[in-house]
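# coordinates for the following, if possible.
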Amino acid sequence: MADGTSPDLYQARIPIYPRSVKGRFRTLKWGILGLAYGVYFLIPWLRWERAVGIPQAVAFDIEGRRFYLFDLVVHAQDIFWRSGLRVIAALLLFFVTGIAGCVFCGYFCFQTLWTDVYILIERLVQGERVARIRLGKQPWNVLPARRRSRPMRPRCS
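The predicted structure is shown next:
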């Protein structure tokens, strides 16, 4: 500006402190989260004996241009079948979310599931919402810095 002051281009950061939620649907969501991450992290370690190929449940043989999904062997020329299945899955996702609201985004979307895990870690490290608000209002010195970055320990309560 002409008078030497710079305009405020950005608003100050407003912290968000989510509350803990309990109930039937939250319990269902934690169950789906455990199942989804169990499949996501354990399927690569699952052994699957087959006559030909890699003895792993899910394996992608890029050099041989084959994909092994349990007993199913998908070759590179089967791209049309995979494309058809993806179209069916996309239409199913579209109609289910159109009819039942945010079922996919609320319960099955991996971004939502990772956010829930990060909020759980935040709650374990920094405490419940009231403690996080109190911690956020304190000046930044040794005690809040240690509290915000401390390793996770089990709470005895």
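# A helix includes Lys29, no?
Yes: per DSSP: H, G, I helix; E, B strand; the rest coil, Lys29 lies within a helix segment.
# dump the residue contacts of it.
With contact set as CB atoms under 8 Å, 6 or more residues apart in numbering, Lys29 has these partners: 106-107, 116. For glycine as for every other residue, the C-beta is placed from the backbone atoms N, C-alpha and C.
# switch those residues over to a markdown table; also include pLDDT and secondary structure.
Output for these, formatted as a markdown table (pLDDT from 0 to 100; DSSP: H, G, I helix; E, B strand; the rest coil):
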| residue | pLDDT | secondary structure |
| --- | --- | --- |
| Gly106 | 78 | helix |
| Tyr107 | 80 | helix |
| Asp116 | 89 | helix |
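# buried residues of stretch 109-126, list them for me.
113, 123, 126 (16 or more other CB atoms under 10 Å).
# out of those residues, the closest to Pro7 would be?
When the buried residues of stretch 109-126 are compared for distance to Pro7 (CB to CB), Gln126 wins out at 34.8 Å.
# hang on, that closest one packs against Gly136?
No: with contact defined as CB atoms under 8 Å, Gln126 does not reach Gly136; the gap is 9.1 Å.
# quickly note the distance from Arg50 to Asp71.
Distance from Arg50 to Asp71, counting by CB to CB, to the nearest Å: 7 Å.
# those two: who's more crowded?
Between Arg50 and Asp71, counted using other CB atoms under 10 Å, the more crowded position is Arg50 (15 against 9).
# so that one sits against Leu69, correct?
No: applying CB under 8 Å, one finds Arg50 not in contact with Leu69, separated by 10.8 Å.
# where along the chain do the strands fall?
Applying DSSP state E to the chain gives strands spanning 58-61, 66-69, 72-75.
# for those, which one ends up most surrounded?
strand 66-69 (a mean of 17; mean count of other CB atoms under 10 Å).
# what helices or strands is it leaning on?
Using 3 or more CB pairs under 8 Å, 6 or more residues apart in numbering; DSSP states H and E, the elements in contact with strand 66-69 are strand 58-61, strand 72-75.
# got a list of contacts for stretch 54-73?
43-44, 46-50, 52-53, 74-76.
# what about Ile43, how many residues nearby?
Ile43 has 14 neighbours, counted by other CB under 10 Å.
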